[in-house]
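Peer 1: A structural model of the following input is requested.
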Amino acid sequence: MHMSTLIACCLFGLVQGPPLQGSWWERTDPSRAPQLSAGCLMARSDLSSGTVQWVMPAISTACARARGFLGTLPLRNKTCVNADLFQFQRDYSDTVRLRRGFDVRSRPVIFGHGALGTGLFACVEGVEAQRFVEQLGAEVFAMQSDACFGSDLPPWARAGLAAHFELGGQSTPGTAGMRTPAAVAQLRAALGGPSRIALSDLLARDRRRWASAAGGEDASAAAIESWALVEFLLSGSSGSWGGCFQQMLRLLASGANGDTAFTDAFGKGETVAQALDADWQKWCTALAPDPAAETADRLEFLAAGLRELARRGETVVEFERLHQRLGEIDFRHRVERGPSGRELAAADQANFKPAGGSGSFELVPPRKPLTRRRSGDAPQAPPALRTHDTQPELSIEWVSAPEEGQWTWLLRASRE
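Peer 2: Numbers count the residues shown, from 1 in each chain. You can find the predicted model right below:
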C-alpha cells in the first residue's frame, strides 16, 4: 500500500441533515450529523456550509501537496485517521480534551497521538482563514509523514518539513519559496547571536531533548534553523546534499532508524558534518526574502486595513483612498506567519506597493455578497485586493468568518 492510497483527498462527501441539539459530540454523531470524508480521513464536523466551502478544498490541497512530496514511499501505518473539525472554540478544547485525550491549547490545527487515539483536530474560530490554511498544511503533512516514518523522522527534519509546508508556498500555488522577511530576519538573528545551535548539535537532538526545550529561546533557534536546513536541502543549490536527504527519507520509510538512515545517506565522520555545515552556512548567508512573500505580507496588511475601515463604517472602493485613510488613522497590523511575525505600518510607504520593484495593488469591488449564513444577516464583503503586473499575481479573497457578520481572508495566487 502506498501514500497515494491513503491520501486520495480530492473527493469529499457531504450529507446535509437538520439542525441538531446537545453537545458537540452529540450533534456530530455519525448516525445523525453531516459527514465529511477525505479519502481515508473521516471527519466529525459542525462547520457551516460557508466554512466547508473553503476548509475542505484547503484540506484536499494540503493532502495533494504532501502526497506529491512523499510520492510512493511505503506506509508503516495503514489505519485511517479521524478528524474533528470545529466551528467554535468553546467546543474545540473541551471536546478534544475529554473525547480524544488531547490538549490543543491555543493551536487552531493540530495532528497528534492522544490517550484515546490519533487524529487531526482543527477549529476555524479566532484565526484568519489564511493562517488556518497555512497551519493546516503543516499538520496535514505531519499526519501523512507519520504514516510513512512513524516516530523515526529526526526532530530537525520533522520541524523543518512542517515549516516548509507552512511557509514554503504549499498553501499558495505560485509562491514557491515563500521565504518571508520575518523568517529570514529570525534566521539571521539566530545564527549571529548567542542562541545559535551548532549544526552537529541540531542533528544529534532526539525527541526528548527537543521536547524539553519547548517554549524557550533555544527552541525558537532550533525551529528556525531546522526550517533553513530543510529549505537548503530541498533547494536546487544544495548540490549532492539534496539527494542525500531524499535517500535518508527513503531509508526511514523502509524501516531504518534516524541515526542509521542519516549516516547511510550522508556519510560518517566529522569531515562530512563540516562540509555540510560549510555549504549550509554559505547558503544561509546569501538567503534573501522571497519578493512574493513580501508582497503577500503587504496584501494582508491592506486587507486588515480594509476590514478596520469597514468596522468604522467606511466603504472604500479606490486604492488611493485606502492609502490615504490608512495613513490618516496611522494603521498598523502585525503579520504572523510561521515561527515569527512583524508589524507593518501605514507610515512605511513601501507597504502600498508590491515588492520587487514592479507592479501595483488594486481594489476589486465585489459584485455581490459572498455566501451568507442566513438570508439577510451578513454585511457586504470588503473589496477584493489583487496585484497587477507581478509574477506571480496575488489576490485576497474574502470568506465568511465564524464570528457573526465578520469576514476573513484567503491568499490566492496565479501559477508562475
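
Peer 1: quick one: the residue lying closest to Pro402 once chain neighbours are set aside and Val399, what's the gap?
Peer 2: The shortest distance from Pro402 to any non-neighbouring residue, by CB to CB, 6 or more residues apart in numbering, is to Glu125 (4.2 Å). C-beta here means a position set from N, CA and C on the backbone, and glycine is covered the same way. Distance, Glu125 to Val399, using CB to CB, to the nearest Å: 13 Å.

Peer 1: likewise for Ala228?
Peer 2: Separation of Ala228 from Val399 (CB to CB): 32 Å.

Peer 1: show me which of those two is the more surrounded one.
Peer 2: Each of Ala228 and Val399 has its neighbours counted (other CB atoms under 10 Å); Ala228 has more, 25 against 19.

Peer 1: what sits up against the host helix or strand of the more buried one?
Peer 2: Take DSSP states H and E as the rule and Ala228 turns out to sit in helix 217-234. Outside helix 217-234, the residues that touch it by CB atoms under 8 Å, 6 or more residues apart in numbering are 155-157, 159-161, 163-164, 167-168, 179, 183, 186-187, 190-191, 195-197, 199, 202, 205, 210, 213, 238, 241-242, 244-245, 279-280, 283-284, 287, 338-340.

Peer 1: pLDDT below threshold where in the protein?
Peer 2: For the chain, the stretches flagged by pLDDT under 70 are 1-21, 34, 38-40, 78-80, 115-116, 168-178, 213-216, 338-339, 366-379, 415-416.

Peer 1: mind listing the strands for it?
Peer 2: Taking DSSP state E as the criterion, the chain carries its strands at 12-14, 35-38, 41-45, 81-86, 109-114, 117-123, 332-337, 340-345, 360-364, 384-388, 394-400, 407-413.

Peer 1: list the neighbouring strands of the fifth one plus their orientation.
Peer 2: Within its sheet, strand 109-114 is paired with strand 117-123 (antiparallel), according to DSSP bridges.

Peer 1: relative to strand 41-45, how tilted is the strand it pairs with?
Peer 2: Angle, strand 117-123 to strand 41-45, by axes from the mean of the first three to the mean of the last three CA atoms, to 10 degrees: 50 degrees.

Peer 1: how deep is Gly192 tucked in, by neighbour count?
Peer 2: 9.

Peer 1: over to the one 3 residues further on?
Peer 2: Residues near Ser195, counting by other CB under 10 Å, number 17.

Peer 1: which residues does it contact?
Peer 2: Neighbour list for Ser195: Glu217, Asp218, Ser220, Ala221 [criterion: CB under 8 Å, 6+ apart].

Peer 1: the same query, at a cut-off of 6 Å, please.
Peer 2: Counting by CB atoms under 6 Å, 6 or more residues apart in numbering, Ser195 touches Glu217, Ala221.

Peer 1: with Asp277 instead?
Peer 2: Counting by CB under 6 Å, 6+ apart, Asp277 makes contact with Leu199.

Peer 1: and the gap between it and Ala64?
Peer 2: As for Asp277, its distance to Ala64 is 34 Å (criterion: CB to CB).

Peer 1: please name the nearest non-neighbouring residue to Ala381.
Peer 2: Closest residue in space to Ala381, ignoring its immediate chain neighbours: Trp398 at 4.2 Å, by CB to CB, 6+ apart.

Peer 1: okay, now the one you found: neighbour count?
Peer 2: Counted with other CB under 10 Å, residues neighbouring Trp398 total 22.

Peer 1: also Arg76?
Peer 2: Counted with other CB under 10 Å, the neighbours of Arg76 add up to 16.

Peer 1: quick check: chain neighbours aside, which residue is closest to it?
Peer 2: Closest to Arg76 by CB to CB, 6+ apart is Gly150, at 5.0 Å.

Peer 1: tell me the contacts of Ser93?
Peer 2: Ser93 is in contact with Val104, counting by CB under 6 Å, 6+ apart.

Peer 1: tell me who's in contact with Arg205.
Peer 2: Neighbour list for Arg205: Pro155 [criterion: CB under 6 Å, 6+ apart].

Peer 1: quick one, phi psi at it?
Peer 2: As for Arg205, its main-chain torsions (degrees, to the nearest 10) stand at phi -70, psi 130.

Peer 1: gap between it and Ala219?
Peer 2: Distance, Arg205 to Ala219, by CB to CB: 11 Å.

Peer 1: and the end-to-end length of stretch 312-322?
Peer 2: Stretch 312-322 stretches 13 Å from its first residue to its last (CA to CA, to the nearest Å).

Peer 1: meant to ask about stretch 209-217, not that
Peer 2: Its first and final residues considered, stretch 209-217 spans 14 Å by CA to CA.

Peer 1: and stretch 76-88, by the same measure?
Peer 2: This stretch, stretch 76-88, spans 34 Å end to end (CA to CA).

Peer 1: would you mark the buried spots in it?
Peer 2: Arg76, Val81, Asn82, Ala83, Asp84, Leu85, Phe86, Gln87 (16 or more other CB atoms under 10 Å).

Peer 1: repeat that for stretch 217-235.
Peer 2: Using 16+ other CB under 10 Å as the test for burial, stretch 217-235 gives 219-234.
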